[in-house]
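Undergrad: I would like the atomic coordinates for the input below:
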Amino acid sequence: MSDMTRPNPFAQRINIRHMLSTSPPPQDHVLPGLLAGTVGMLAGPGGVGKTMLELQVAMAVACGGSICGGLFEGGDADIAKSRKPGRVVMVAAEESVDLFWHRLHAVVVTLTEQRHLLGVDASAAELMDLWSENLHLYPLAGLPRVSLLSRDLEKTECFHQLSAACEGAKLVILDPIRQFHICDENDSGAMTALVQTFGELATRTKAAVCFAHHVNRASTQMGHGDAAGAARGSTALSDGVRWQLNLSKPTKEAARIRRIDEDERGRFVLVDIAKANYLPPQGTALLERRAGGVLVLASNGGHASSIGKRITRRAKVQAVGAAG
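TA: Below you'll find the predicted structure:
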């Protein structure tokens, strides 16, 4: 876009009198701390369960249900109290149609056997209708690369195609970020431009946009998988997003605290909201991997539901958001 056609961002200032004399609109938390119209990141090492968690989040949001049996629930500002079904667009660049097919069946089998995990009073036929309407999955394995940003850091035709596909979405998931650009992920300028591109997608669609990314080797080896700085590449990625969720494998010490046997440690995943501009600090949750790789909130230790229980009242959340 040339300077001659670019809109003037300084053409109109905000109306201070209106804002100070009118209550602000309520914040729309698609996930706790991840607001509609903002960008977040899901970070974790390979094989920890990022794609399965994303699919379970997508299916829950699409039908207005619980995530993994209540991952983000509890407390006065529980978003589950007002959740409504919404459209979800999930683009999985490294997944095939057949693999998604298996993942979907694994999740549905678990939810069928344990209906309380989804927390929705709906028949199988009603759930099928909601998922058919609201769950938009795009597995891209084997297709030409979808790059949203050129080497000149300009938005590509693929970006505009994705924007059109995401119209009306409540949540957009892109997995993994490495497959959606051809830039150096250690280049802070390029990664800043990439996050800004996702931000434009969020602004255009009014959806929450969340991309998946790998963590660096040092954070995995040192047991720092819960930190915002665990994400691989330039810190511009973590700095640019408004929300970051980290998945990590329990260390021996973490497993001991949660009374997990050493030979069972590989079945569990730690979940931390490593960054949230619109929430106070949160606790760590624990997920257990069941048949087919399905993730379910675990009861080991006392920390399983601490993310949900420590979400504070709306007034405090809005105050934190204003400060961020």
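Undergrad: Report the separation between the residue minimising distance to the centre of the chain and residue 53.
TA: By Cα atoms, centre = their mean, the mean C-alpha position of the chain lies nearest to residue 210, the distance being 4.4 Å. For residue 210, the distance to residue 53 under the criterion Cβ to Cβ, to the nearest Å works out to 11 Å. Glycine gets a C-beta too; all of them are placed from N, C-alpha and C.
Undergrad: cool, residue 125 as well?
TA: 26 Å.
Undergrad: more crowded one of these two?
TA: The residue with more neighbours, out of residue 125 and residue 53, is residue 53; 25 against 8, by other Cβ atoms under 10 Å.
Undergrad: burial of the nearest residue to that one once chain neighbours are set aside, as a residue count?
TA: Excluding its sequence neighbours, the residue lying closest to residue 53 (Cβ to Cβ, 6 or more residues apart in numbering) is residue 295, at 5.6 Å. Counted with other Cβ under 10 Å, the burial measure for residue 295 works out to 26 neighbours.
Undergrad: where do the contact lists of residue 210 and residue 53 overlap?
TA: In the contact map built from Cβ atoms under 8 Å, 6 or more residues apart in numbering, the residues linked to both residue 210 and residue 53 are residue 42.
Undergrad: before we move on, the earlier item: isn't the residue nearest to residue 53 right next to residue 60, touching?
TA: No - applying Cβ atoms under 8 Å as the test, residue 295 and residue 60 come out as separate, 11.5 Å apart.
Undergrad: which strands and helices sit next to the strand or helix carrying residue 288?
TA: Residue 288 is part of strand 284-289, with elements assigned from DSSP states H and E. Contacts defined by 3 or more Cβ pairs under 8 Å, 6 or more residues apart in numbering; DSSP states H and E place strand 284-289 against strand 268-276, strand 295-297, helix 306-309.
Undergrad: Show me the helices in the protein, by range?
TA: With DSSP state H as the definition, the chain shows helices at residue ranges 16-21, 50-63, 97-113, 124-134, 157-165, 188-205, 217-222, 236-240, 252-257, 306-309, 314-323.
Undergrad: so of the ones you listed, which one's packed in deepest?
TA: helix 50-63 (a mean of 24; mean count of other Cβ atoms under 10 Å).
Undergrad: Hey, what's the angle from it to strand 268-276? Just curious.
TA: Interaxial angle of helix 50-63 relative to strand 268-276 (axes from the mean of the first three to the mean of the last three Cα atoms, to 10 degrees): 70 degrees.
Undergrad: Let me see the contact set for the residue nearest to residue 53.
TA: The contact partners of residue 295, by Cβ under 8 Å, 6+ apart, come to 49, 52, 53, 56, 68, 269, 287, 288, 289.
Undergrad: okay, those residues in JSON lines with pLDDT and distance to residue 117 next?
TA: JSON lines is the format used below for the contacts of residue 295 (pLDDT from 0 to 100; distance: Cβ to Cβ, whole Å):
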{"residue": "49", "pLDDT": "95", "distance to residue 117": "16"}
{"residue": "52", "pLDDT": "97", "distance to residue 117": "14"}
{"residue": "53", "pLDDT": "98", "distance to residue 117": "14"}
{"residue": "56", "pLDDT": "97", "distance to residue 117": "9"}
{"residue": "68", "pLDDT": "95", "distance to residue 117": "7"}
{"residue": "269", "pLDDT": "96", "distance to residue 117": "16"}
{"residue": "287", "pLDDT": "97", "distance to residue 117": "12"}
{"residue": "288", "pLDDT": "96", "distance to residue 117": "12"}
{"residue": "289", "pLDDT": "95", "distance to residue 117": "14"}
